[in-house]
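> Sequence isn't available, so here's the structure alone:
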């Protein structure tokens with residue numbers, strides 16, 4: 001059998017230190033096309049012992065090894081193609097320790113579930129809605145006030161990018177294999193072009209696609225040739241990432257994967273991450289929650305991304321144990337092979353590109369940030385959506401991540417990142433593996449991985465003595481102030497005004513004996529309410545009113561089973577009222593969620609809060625009906641639901657609330673008649689309040705309302721009431737019926 005000798009061009013290139021980066025890339029051109037899998041050949045990866053050079057040369061004596069496809073000096077490995085006989089010879093060599101590791105070189109393919117090309121006229125309002133949904137979900141528009149990704153460099157390893165598309169700025173693109181059969185600027189699959197649009201499509205033009213980081217540079221390596229060769233070997237991906245790093249990219253987008261693990265692929269990625277401080281972002285998989293792990297996403301050094309829809313629900317096919325999630329359902333992207341076409345697709349590939357783009361915004365705004373800082377900002381600022389296995393840290397949030405990176409301080413337009421980056425930092429030619437700051441428990445949050453049996457960097461952060469403090473400006477100062485305000489006598493913290501400027505961090509969970517936490521009237525308190533708030537199981541009062549906190553209300557508040565008073569008020573708090581609050585049924589007496597941006601329906605479980613005396617949820621965006629279960633609120637004396645979008649009829653069960661003295665349902669979309677049962681309101685009080693104005697109520701005014709206490713105030717303005725105004729109501733000090741055209745008397 002003829003012996004094929006190795007071509008050592010790539011291995012030699014590692015030692016050409018005098019060549020420029022462009023020269024080095026030039027030497028690599030033409031060595032990247034993947035080897036075809038034929039029926040009688042096998043793709044393998046080999047790892048040698050200490051005598052790597054001697055071993056690789058000695059391997060030439062093995063008959064049937066057809067090609068050395070990729071070589072990796074830094075993990076002492078070669079990727080080869082061999083026939084069946086040669087594979088057996090290599091296995092014997094592995095048994096004799098000549099080869100320390102021998103494994104199959106597994107395949108990786110794209111992770112897009114479906115594509116719908118929009119060839120027919122597409123309603124502009126629908127395109128605009130879809131365009132805005134993913135940008136708004138990740139806070140891209142807010143972040144664009146401060147950065148659009150300028151000077152950040154992303155590497156897109158995919159099917160190439162079709163630069164004839166008018167929505168891409170060709171000046172921002174470069175790549176590898178430009179003059180070979182696998183030209184990077186040709187895309188026969190339209191996968192890479194689609195992802196490029198998510199990351200960097202132009203803004204303010206006629207095409208209804210806008211990128212998240214439209215000023216970021218993109219280096220393209222094409223690994224997928226066409227629809228019949230929509231795959232690459234794991235070793236080829238490691239080599240591609242290596243070339244991305246040589247080209248100066250810090251963020252690698254891998255919207256691809258496969259279900260066979262490769263130890264050598266993992267070693268290669270880990271070595272490159274550590275050597276170049278790379279952020280590698282990979283699709284988490286499209287086979288559903290019970291599917292096996294996808295690789296490379298499931299390796300500990302890779303950020304794995306799941307997909308959610310516009311309602312922040314897990315996409316049905318998104319897999320478990322991801323690190324973070326992003327929009328990945330019915331997202332508009334650019335169509336390759338056209339100049340202005342676009343299409344709608346779903347998949348974790350698409351979600352992956354969102355996280356990549358947000359990371360580009362962060363590194364653009366703070367170019368001297370370390371990998372650990374960028375990862376921490378992404379994870380710790382993510383919006384928690386519930387189950388960790390479904391959502392990891394949560395939904396990626398660009399603006400909140402920038403604030404986190406700024407030490408929890410609000411950003412000012414056209415400003416630098418709080419003076420963090422010096423010219424020496426921003427012009428550094430090669431990132432250091434770790435910054436020189438000393439570790440600190442106070443300043444280093446614990447980042448647990450959501451992948452099975454793994455931690456970031458392979459072990460808990462507190463066990464890695466080489467990992468640095470984040471040393472985020474403002475963070476330590478706010479934390480110091482928080483500690484100084486701790487009152488040991490009554491286990492409480494009270495802060496207000498600008499004294500509480502900063503970011504409410506997960507460290508708050510350390511105060512497990514705390515009984516009262518009040519940080520109110522603080523416009524400079526920003527960021528999310530950390531889920532670690534659920535660790536404060538002795539808390540009796542939680543007051544976070546009139547702040548600039550954002551995100552959703554953590555379901556973990558339902559774990560605070562001693563809580564009596566809950567006040568959360570910020571126009572940046574959104575999402576649904578957690579039904580888990582019903583777990584506070586034995587203790588909660590005051591529930592104040594007024595003037596937020598809460599949406600969705602009112603959970604019927606809230607009716608279980610039988611100890612609540614005051615419930616204020618006015619001035620939100622709630623929809624749906626008032627639950628009939630509210631008839632169980634036996635201790636309630638005030639219900640304030642005004643200025644929402646509630647609909648349906650007023651439940652007659654509210655008449656069962658013997659202690660209810662004030663009912664505010666004005667400025668909603670309520671319909672039907674006024675229940676006669678409301679006559680039972682506040683029988684033992686000297687006064688009552690009934691505000692039902694600005695709804696769509698109809699029918700007559702019940703004469704029974706005259707049975708209410710003499711000092712009752714009734715406002716029924718601007719409804720569709722009819723009939724005659726009952727004369728009996730004249731006894732009340734204030735009654736108003738304005739704006740009811742059919743009402744007489």
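Cool, got the structure. Since the model is a prediction, treat every value here as computed from it, not as a measurement.
> ok, residue 529 - how many residues close by?
Per other C-beta atoms under 10 Å, the neighbour tally for residue 529 reads 23. All C-beta atoms are positioned from the backbone trio N, CA, C, and that covers glycine.
> Oops, could you answer that again for residue 253 instead?
Residues near residue 253, counting by other C-beta under 10 Å, number 32.
> Against residue 641, how distant is it?
46 Å (C-beta to C-beta, to the nearest Å).
> what does residue 563 give?
Taken as C-beta to C-beta, the span from residue 563 to residue 641 is 21 Å.
> can you check residue 576 too?
As for residue 576, its distance to residue 641 is 15 Å (criterion: C-beta to C-beta).
> So if I had to pick from the two, which one is more boxed in?
The neighbour count for residue 576 versus residue 641, taken as other C-beta under 10 Å, is higher for residue 641 (24 against 16).
> Pretty sure that one sits against residue 618.
Yes - look at residue 641 against residue 618 with C-beta atoms under 8 Å: they come within range, at 6.1 Å.
> Common neighbours of the two, please.
Residues touching both residue 641 and residue 618 (C-beta atoms under 8 Å, 6 or more residues apart in numbering): residue 664.
> Let's test this: mean pLDDT of the longest helix seen in the chain, rounded?
Identified as the longest helix of the chain according to DSSP state H is helix 348-365. Mean per-residue pLDDT for helix 348-365: 96.
> so how far is that helix off the chain centroid?
In terms of C-alpha atoms, centre = their mean, to the nearest Å, the centre of helix 348-365 is set 10 Å apart from its chain centre.
> and residue 605, what does it touch?
Contacts of residue 605 (C-beta under 8 Å, 6+ apart): 579, 581-582, 629.
> Could I have the buried ones of these as ChimeraX selection syntax?
Here is the ChimeraX command that picks out the buried ones among these, judged by 16 or more other C-beta atoms under 10 Å:
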select :581,582,629
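> Pull the most distant pair out of the contacts of residue 605.
Farthest apart among these by C-beta to C-beta are 581 and 629. That separation is 13.4 Å.
> Look up how far residue 214 lies from residue 171.
12 Å.
> more crowded one of the two?
Neighbour count, other C-beta under 10 Å: between residue 171 and residue 214, residue 214 has more, with 23 against 7.
> Spit out the contact partners of that one.
148-149, 169, 200-203.
> what does residue 201 give?
167-168, 207, 209-211, 214, 334.
> Not counting its neighbours along the chain, what's nearest it?
Distance criterion C-beta to C-beta, 6 or more residues apart in numbering; nearest residue to residue 201, sequence neighbours excluded, is residue 211 at 3.9 Å.
> What is the neighbour count of that neighbour?
By other C-beta under 10 Å, neighbour count at residue 211 equals 29.
> got the buried residues for stretch 302-311?
By neighbour count on 16+ other C-beta under 10 Å, the buried set for stretch 302-311 is 302-310.
> TSV for those, including distance to residue 49?
Formatted as TSV, the buried residues of stretch 302-311 follow (distance: C-beta to C-beta, whole Å):
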residue	distance to residue 49
302	27
303	32
304	32
305	36
306	39
307	42
308	46
309	50
310	53
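> before we move on, back to that, in helices, which of the contacts of residue 201 appear?
Among those, none falls in helices (DSSP H).
> out of those residues, which one sits closest to residue 650?
Once C-beta to C-beta is applied, the member of the contacts of residue 201 that ends up nearest residue 650 is residue 210, at 43.9 Å.
> just checking, the closest one touches residue 134?
No - look at residue 210 against residue 134 with C-beta under 8 Å: they stay out of range, at 9.5 Å.
> Need the residues touching each of those two.
When C-beta under 8 Å, 6+ apart defines a contact, no residue borders residue 210 and residue 134 alike.
> Identify the contacts common to residue 581 and residue 629.
Going by C-beta under 8 Å, 6+ apart, residues that sit against residue 581 and also against residue 629 are 605-606.
> Next, work out how far apart residue 171 and residue 329 are.
The gap separating residue 171 from residue 329 is 32 Å, by C-beta to C-beta.
> which SS state does residue 653 fall under?
Each residue gets one of three states, and residue 653 gets helix by DSSP: H, G, I helix; E, B strand; the rest coil.
> That one - nearest residue in space that isn't next to it in sequence?
Nearest one to residue 653, counting by C-beta to C-beta, 6+ apart, is residue 631 at 2.8 Å.
> What of residue 672?
The nearest residue in space to residue 672 (C-beta to C-beta, 6+ apart) is residue 649, at 3.5 Å.
> Could you give the number of residues near the one you found?
Residue 649: 14 neighbours (other C-beta under 10 Å).
> Can you report phi and psi for it?
Torsion angles at residue 649 (phi, psi; degrees, to the nearest 10) stand at phi -90, psi 160.
> wait, it sits on residue 669?
No - counting by C-beta under 8 Å, residue 649 does not reach residue 669; the two are 11.1 Å apart.
> The residue nearest to residue 653 - that's part of a helix, no?
Yes - Residue 631 forms part of a helix when assessed by three-state DSSP.
> Against residue 608, how distant is it?
Separation of residue 631 from residue 608 (C-beta to C-beta): 12 Å.
> So which residues of the stretch 201-350 of the chain form strands?
All strands of the stretch 201-350 of the chain, identified by DSSP state E, counting those that start in this stretch, fall at 217-222, 231-233, 251-254, 256-257, 279-283, 303-308, 324-327, 331-334, 342-346.
> Pairing partners for the last one, with directions?
Each strand paired with strand 342-346, and its direction, by DSSP bridges: strand 114-117 (antiparallel), strand 331-334 (antiparallel).
> comparing those, which gets the lowest mean pLDDT score?
For the strands paired with strand 342-346, mean pLDDT drops lowest on strand 114-117, to a mean of 43.
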